[in-house]
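J.: predicted model, plus sequence, below.
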Amino acid sequence: MNNTRKIPRTMSTQHPDNVTMPFFTEGTSFNGEDEIKEAFYVFSHLRCDEQMWDCEGKEVDEFVIKKLLTRYDNYFKDHRIGKEVFITLRVPNPVVEKSEAKILLETLESAPRSYDTASLFYESNNDANPIPPIFEVILPMTTSAASLNRVYYYYRDFVVGKQHKKCFENDITIKEWIGAFQPETLEVIPLFEDIPYMLSADAMVQSYLTDKQLPYQRVFIGRSDPALNYGLLPAVLVVKIALQRLHHLQEKIKIPIYPILGLGGNPFRGNLTPLSVDECLSEYPSVQTFTIQSAFKYDYDEDIVRNAIEKINNHPRRQPTVIDEEIALDIVERLTSAYREQIKELAPLINGIARFVPRRRMRKLHIGLFGYSRNVEGITLPRVISFCASLYSIGLPPELLGLHCLTEKDVAFLKTACPSFLDDVSLAASYYNRDVTKLISPKIADNVARVLDMVKHTENILHSEYTAQIIRDIISKKEDTITENIIVAGKVRRFLG
């Protein structure tokens, strides 16, 4: 592992939360070749440090490094992959995604091939310094140190380790036959996406590091799926607790921990947009790497996007804000219960609308964490972006759910612990449409009204015009223009979901 490497500040991702498609695509959704173009675009035009390459839940392009170096050779001659810019693979987790399990093995096998491709490319350009283009993988839905160790040791002992074996007795080694396998190890980045595991992330990371001499460790904290499963505020508070605990771990074991935080383009999913960079940097000062998702990249003017990314890249990282864990966890428990009660009732409505939400990436469908939650038996929801798009499209922002049981004491605590929180709720409230009461129960309507009374907000009239039409079409079962209106409402917000 490279001790002196550049640790990225910005990680472009393939989350399909954008309304507007970028100029380099032709259809209404990204295909595999578009994502090759996207990787080049975010490096060369937007100045992102890193591109997360999703090998989970969609068709995999194992030749991403070869295609980038072949098509954009002039750029990558001067901007070396693995040194200045980074491709980081997000692999399937076999514990959760059984049908995708062997894609993990295929992806790990591709790392030495990418190394050979890059070595030949840079040697031909008089740069023979051996730098692996891919040396990290992200393991989603991490639930144990053992799951991280399986990936780490499978790569080291089986993918690379087989080079010392022989195909049969008295034969040459596989290394002599095929060539050396590099890099010798891959770094495994845990992605914690469910609250119980987020709260024990520090313990799992410490356990994982016990038998390894690593100079640092990156840790990915999800923000969208916890909000889907537990509600907005529980997700925010648990992220803060996890970051605080990871900082304490760093102090304890004297190994730098570099958190990655997965923030999306609406308040429910994190509210990181080109216009809210200062607030996010202030809210999460200890985060090393912020995700730059598709709405951030494509629903704003390119100059604004580039300047926002530059601001993140140049902003110094600081210590985390201190949060009282006992108070925070009490709020988490109460609000989770309230949120889930509402979601159980709203699930059929949400699922009915989600089928009209346009897909922006060509993905195989695979189940999200909500489908595995034992606490919400019998409830299946769409993935979080479609979930958000569905609720926003009927004028019921998901941020407003579960907050009705906040007390005045809770609100006072939040003003210090989460300074941006009430502003985020206020922004979401501007997209509320009172016509949605025709689709929901009086009890949920009353609870949402209590939340609206907590914050100052101004209704976005244009957005309400589109959502009112969607509500009318749902009631009258006129489905022809629902998708069209979902898109135009999303353009008003500058995010799909």
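T.: Noted; the coordinates are in hand.
J.: tell me which residue of the protein is furthest from the middle?
T.: Note on the chain: the largest C-alpha distance from the chain mean falls to residue 170, namely 49.5 Å (C-alpha atoms, centre = their mean).
J.: that residue - that's part of a strand, no?
T.: No. Using DSSP: H, G, I helix; E, B strand; the rest coil, the assignment for residue 170 is coil, not a strand.
J.: and it, how far from residue 361?
T.: 51 Å (C-beta to C-beta, to the nearest Å). For glycine as for every other residue, the C-beta is placed from the backbone atoms N, C-alpha and C.
J.: residue 460 now?
T.: 27 Å.
J.: which residue is the nearest non-sequential neighbour of residue 182?
T.: With sequence-adjacent residues excluded and distances taken as C-beta to C-beta, 6 or more residues apart in numbering, residue 182 is closest to residue 115, at 4.6 Å.
J.: am I right that that neighbour sits in a helix?
T.: Yes. When classified by three-state DSSP, residue 115 is found to be part of a helix.
J.: buried residues in stretch 457-470, which are they?
T.: Across stretch 457-470, burial judged by 16 or more other C-beta atoms under 10 Å covers 460, 463-464, 466-470.
J.: now those residues as a markdown table including secondary structure?
T.: Formatted as a markdown table, the buried residues of stretch 457-470 follow (three-state DSSP):
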| residue | secondary structure |
| --- | --- |
| 460 | coil |
| 463 | helix |
| 464 | helix |
| 466 | helix |
| 467 | helix |
| 468 | helix |
| 469 | helix |
| 470 | helix |
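J.: can you lay out these as TSV showing distance to residue 64 and pLDDT?
T.: Shown next, in TSV, are those (distance: C-beta to C-beta, whole Å; pLDDT from 0 to 100):
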residue	distance to residue 64	pLDDT
460	39	98
463	38	99
464	42	99
466	37	98
467	39	99
468	44	99
469	41	98
470	38	98
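J.: quick check: residue 72 vs residue 109, distance?
T.: 25 Å.
J.: of the two, who's got more company?
T.: Neighbour tally, residue 72 and residue 109, criterion other C-beta atoms under 10 Å: the higher count belongs to residue 72, 18 against 14.
J.: give me the nearest residue to the more buried one, chain neighbours excluded.
T.: residue 40 (4.8 Å).
J.: so what touches the one helix or strand that neighbour maps to?
T.: Under the criterion of DSSP states H and E, residue 40 resides in helix 32-44. For helix 32-44, contacts defined as C-beta atoms under 8 Å, 6 or more residues apart in numbering pick out 12, 14, 22, 24-25, 30, 48, 51, 53, 59, 61, 64, 67-68, 71-72, 75, 79, 85, 87, 292, 297, 362.
J.: where do the helices of the stretch 201-350 of the chain begin and end?
T.: Ranges of helices in the stretch 201-350 of the chain, per DSSP state H, counting those that start in this stretch, are 201-209, 224-230, 232-253, 277-283, 294-298, 302-314, 325-354.
J.: return the distance of the shortest one from the chain's centre.
T.: Spelled out, that is helix 294-298. With C-alpha atoms, centre = their mean, to the nearest Å as the basis, helix 294-298 stands 13 Å off its chain's centre.
J.: the residue nearest in space to the middle of the chain: what's it in contact with?
T.: In the chain, the centroid-proximal residue (C-alpha atoms, centre = their mean) is residue 262; its distance is 4.0 Å. Residue 262 makes contact with 13, 191, 220-224, 270, 291, according to C-beta under 8 Å, 6+ apart.
J.: just the buried ones from those?
T.: Counted by 16+ other C-beta under 10 Å, those give 13, 191, 220-224, 270, 291 as buried.
J.: in a markdown table, list those residues along with pLDDT and distance to residue 491.
T.: Shown next, in a markdown table, are those (pLDDT from 0 to 100; distance: C-beta to C-beta, whole Å):
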| residue | pLDDT | distance to residue 491 |
| --- | --- | --- |
| 13 | 96 | 21 |
| 191 | 98 | 30 |
| 220 | 99 | 30 |
| 221 | 99 | 30 |
| 222 | 98 | 27 |
| 223 | 98 | 24 |
| 224 | 97 | 21 |
| 270 | 98 | 20 |
| 291 | 99 | 22 |
